[in-house]
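K.L.:
Got a sequence here, can you build the structure:
(one chain, ligands or ions: 1)
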Amino acid sequence: MIKSSIRVRTLFELRALLGEHRRAGRSIGFIPTMGALHDGHLSLVEIARQKSDITVVSIFVNPTQFAPGEDLDTYPRTEDADIAKLEQVGTDIVYLPDVAEMYPDGSKTNVGVEGMSDLLDGIYRPHFFYGVATVVARLFIHVQPDLAVFGEKDYQQLQIIRRMVRDLGFPIDVLGGETVRDADGLAQSSRNTYLTPDGRQRANIMSSVLHRARSRIAIGVPVEVALKEARARIEAAGFDKLDYVSAVDPATLEDLPDGPIARGQTGRILGAAWMGKTRLIDNMGFTRS
Ligand code: PAF
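P.N.:
All right, here's what the predicted structure looks like:
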């Protein structure tokens, strides 16, 4: 179903529009994005559409989650193509704020979820989750949704947002959407467009390595043994640099202890590695049989 989305660029217009929907008793579902949309994003829109009356998607490349030297300037910006995709899946409102709208001149207020933001990806990108929490908190205040949907592809981000919502008492249900993968298993990501043809051919090794490691842990292989094998396979596959492969508690993101996990126990395996200039991340859940 193709439906014209309403494009809104200012908080003033957004509040007026959403105020009418709220007064009419309509619920609002929200998906924050940085654009360069792929099927993974569109699957999140589908979830919001099923669970709410009005679907709002924001597109904002958030400068505070990029460190100097990262890809802020080259991050793909494809607004017209993004809006065409959003219209195909029936998005009602696309919010396109600029930097001044999100960070009014002289802005000094930041949000950070300490601890969880400093693990895993936070070790390699120490600024990242602080920028994400700050912009998502601001977007939540702008949109005031009833529910918000984030991809499980960015599992650490999803858990940090859940924690922020709990700690600050935002009246918002946070839902996770399953990772959408290409046919060979590679998790879809806006940054996959940076891969060279050769890198693209090998990039799916990350998902196959995590898949095997989680199956091994799930049948009782000691965590440290499965992780050692996974790290060796990633290094042998020609990735340029391995940041981490870790198996963690799915809620706290703390490392699981060495040894086999208990029957019925759940966990999450996460990995990050560089293929040329592209940093690939992926993760999967598991339960011990
Ligand atoms: O996952 C993303 O695209 C971004 O981190 C988010 C949540 C839109 C915040 O800028």
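K.L.:
Going by C-alpha atoms from here, please, whenever you check contacts or count neighbours.
P.N.:
Noted.
K.L.:
which regions of the chain sit below the pLDDT cut-off?
P.N.:
For the chain, residues meeting the criterion pLDDT under 70 lie at 1.
K.L.:
could you pull out the helices for the chain?
P.N.:
All helices of the chain, identified by DSSP state H, fall at 11-23, 39-51, 79-88, 99-102, 121-124, 128-143, 155-168, 197-203, 205-218, 223-236.
K.L.:
The ligand is nearest to which of those?
P.N.:
With C-alpha to the nearest ligand atom, the closest approach to the ligand among the helices of the chain belongs to helix 128-143: 4.8 Å.
K.L.:
in that closest one, what's buried?
P.N.:
For helix 128-143, a neighbour-count test (16 or more other C-alpha atoms under 10 Å) marks 128-140, 142-143 as buried.
K.L.:
tell me which parts of the stretch 1-150 of the chain are close to the ligand?
P.N.:
Residues of the stretch 1-150 of the chain lying close to the ligand (C-alpha under 6 Å from any ligand atom) are Pro32, Thr33, Met34, Asn62, Val132, Val136.
K.L.:
Measure how buried the fourth one is and give me the count.
P.N.:
Asn62 sits with 19 neighbouring residues when counted by other C-alpha atoms under 10 Å.
K.L.:
Which residues are in contact with it?
P.N.:
Asn62 makes contact with Met34, Val99, Gly131, Val132, Val135, according to C-alpha atoms under 8 Å, 6 or more residues apart in numbering.
K.L.:
List the residues that contact the fourth one.
P.N.:
In this case it means Val132. Neighbouring residues of Val132 by C-alpha under 8 Å, 6+ apart: Asn62, Thr64, Gln65, Gln157.
K.L.:
which ones are touching the residue nearest to Arg26 when sequence neighbours are not counted?
P.N.:
Residue nearest to Arg26 in three dimensions, not counting chain neighbours: Asp53, with 5.6 Å by C-alpha to C-alpha, 6 or more residues apart in numbering. Contact analysis of Asp53 by C-alpha under 8 Å, 6+ apart lists Arg26, Ser27, Ile28, Gly29.
K.L.:
now Pro97
P.N.:
With C-alpha under 8 Å, 6+ apart, Pro97 has these contacts: Val8, Arg9, Thr10, Leu11, Ser58, Ile59, Phe60.
K.L.:
Now with 6 Å, please.
P.N.:
Going by C-alpha atoms under 6 Å, 6 or more residues apart in numbering, Pro97 touches Arg9, Thr10.
K.L.:
quick one: it from Leu11, how far?
P.N.:
Remark: distance between Pro97 and Leu11 (C-alpha to C-alpha, to the nearest Å) = 8 Å.
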